[in-house]
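S.K.: This is a predicted model, with the sequence first.
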Amino acid sequence: MSVTPNSQQILPPNSIKQSLLLIAPHGSYRTMRYLQAATRLGLDVVIVSEGEHSIVSEYAQGLHVQFGQPDLALDIILKETANSNIVVVIGTDDAVVELAAKVAQSLGLAHNDVNASRLARRKDLARKALKNNNTPIPEYRLVKLETLLDARQSYPLEKTEFPLVIKPISLSASRGVIRVNNQGELLEAAQRIKKLLDKQTGSEAIEKESVLLEEYIHGEEIAVEGIVENGKFKLLTIFDKPDPLHGPYFDETFYITPTRLDSVTVDSVTQVVQSACEAYGVNTGPVHAECRIRVTQVYLIEMAARTIGGLCSDILEYGLGCTLEDIVLKQAIGCGSENTFSETAAGVLMIPVTQHGILKRIEGLLDASKIEFIEDINIQLREGYELVPLPEGNSYLGFVFAKAPGYEQVEQALRKAYGCLNVVVAPLWKLSNQNA
């Protein structure tokens, strides 16, 4: 499947056609952004997905494999692309980053350690690697769920200092992440997480049987976006999260950039993420990280060798003058350029799901769109969708974007827009399986 380049292409018209191999789960937010960036750079695109019968033409016309059979998928990809001039391989989401690394390795292209994606997905393995590399992280313990649920067991509670955070070792987007302040809350959270993990398919046994108990880091949380070249992490921007994330659940709402952190703290953030890249074995490509700052100490909470999730990467275009995907592909094909963030502030509101039920409608969208400095509103979920809040859910209703001369203007615009919205939800009625 090819994307025809436009007049803005970077590659010389007489050069051998180069291709991007894009490995993407069906429905990934990032697919279209990479397709558009490839078009601007004059790259052909081969999409690898499971979407053989997709109604989305880009997936349907691409190469189809089963991600659950990685060895077979690798063989198919290498065979079917043998005559293509693949110059870069991108895995859009955590689930396919490891496969992308294996493909790039087989093709002799720049790639990360194939274990880097496993570390990003398995929090317990990541914590161990980070600790061994002396990267600042919260104190933690890997604990079996049955130990927490067995009232006869005193370990590990006898050594636990509350508050702490309990979290599954393999779920993303804050699913199952709960702050607990005492033993009773810990037991209740463990029961809730067990129900959540029992519903997961394709997980390893340890992922259903164990959780992390982590020290709760009270402080400001930030998101970090950057790119790695030859093992060197380059900071692109830091997103402030102006709403306090103290729990018990950790819904992310506002991201605003450029950061209000001082230069010394920014340098500390860069050093911590660089250390994490070394611990993971990330040598090239995009990096997205989450950090907490307690007083002056920066702690790494999560990191992945991919771009930021959802549509949040769109706000970088306001400050950088190009998309994040442009930057990633330019670096990969050797056309990288220095990108300096402008003084223009930009932000996004990730509209959270706050109640369980069936989405009927979202009122106030027109009023929200008229607020000064609001650039766009993108609603992702449609009428009839079952809404599930955190910690069980993993969806946002949509995204609201703002751009303004100053940070405070962006924040105020997003908060005003959020105040205009009224999410109408109908109760969810489920039939009982029990006989009357």
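M.R.: Yep, that arrived.

S.K.: can you give me the helices in the stretch 301-436 of the chain?
M.R.: With DSSP state H, counting those that start in this stretch as the criterion, the stretch 301-436 of the chain has helices at 314-320, 324-332, 365-369, 407-420.

S.K.: So, low pLDDT: which residues of this structure?
M.R.: Residue ranges of the chain with pLDDT under 70: 1-16, 55, 151-160, 319-320, 336-342, 430-436.

S.K.: Which segments of it make up each domain?
M.R.: Here the domain assignment for the chain is 19-111, 139-215, 344-436, based on automatic domain parsing.

S.K.: With Val273 as the reference, name the closest of those domains.
M.R.: domain 19-111 (17.0 Å; C-beta to C-beta). Any C-beta I mention is one placed from the backbone N, CA and C, and that applies to glycine too.

S.K.: who's in contact with the nearest residue to Gly51 once chain neighbours are set aside?
M.R.: In space, and not counting its chain neighbours, Gly51 is closest to Tyr59: 3.3 Å by C-beta to C-beta, 6 or more residues apart in numbering. Neighbouring residues of Tyr59 by C-beta atoms under 8 Å, 6 or more residues apart in numbering: 24, 26, 31, 47, 49, 51.

S.K.: Now do the SS call for Tyr59.
M.R.: Assigned by DSSP: H, G, I helix; E, B strand; the rest coil, the conformation of Tyr59 is helix.

S.K.: That one and Leu213, how far apart?
M.R.: Note on Tyr59: its distance to Leu213, by C-beta to C-beta, to the nearest Å, is 40 Å.

S.K.: Distance-wise, check Val423 relative to Ile371.
M.R.: On the measure of C-beta to C-beta, Val423 and Ile371 end up 18 Å apart.

S.K.: Can you give me the end-to-end span of stretch 76-91?
M.R.: By C-alpha to C-alpha, to the nearest Å, the extent of stretch 76-91 from end to end equals 16 Å.

S.K.: Start the count at 476 instead of 1 going forward.
M.R.: I'll keep to 476 as the first residue from here, and by that count the last item is stretch 551-566.

S.K.: Next, count neighbours for Asn897.
M.R.: By other C-beta atoms under 10 Å, 10 other residues sit near Asn897.

S.K.: What's the local residue count around the closest residue in space to it that isn't next to it in sequence?
M.R.: Nearest residue to Asn897, sequence neighbours excluded (C-beta to C-beta, 6+ apart): Glu838, at 4.1 Å. For Glu838, the tally of surrounding residues (other C-beta under 10 Å) stands at 13.

S.K.: list the contacts for Glu838?
M.R.: Counting by C-beta under 8 Å, 6+ apart, Glu838 makes contact with 896-899.

S.K.: got the buried residues for stretch 507-522?
M.R.: 508-510, 512-522 (16 or more other C-beta atoms under 10 Å).

S.K.: want to try TSV for those residues, with distance to Tyr724 and secondary structure as columns?
M.R.: Converted to TSV, these look like this (distance: C-beta to C-beta, whole Å; DSSP: H, G, I helix; E, B strand; the rest coil):
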residue	distance to Tyr724	secondary structure
Arg508	28	helix
Tyr509	31	helix
Leu510	34	helix
Ala512	34	helix
Ala513	37	helix
Thr514	39	helix
Arg515	39	helix
Leu516	40	helix
Gly517	45	coil
Leu518	41	coil
Asp519	43	strand
Val520	38	strand
Val521	40	strand
Ile522	35	strand
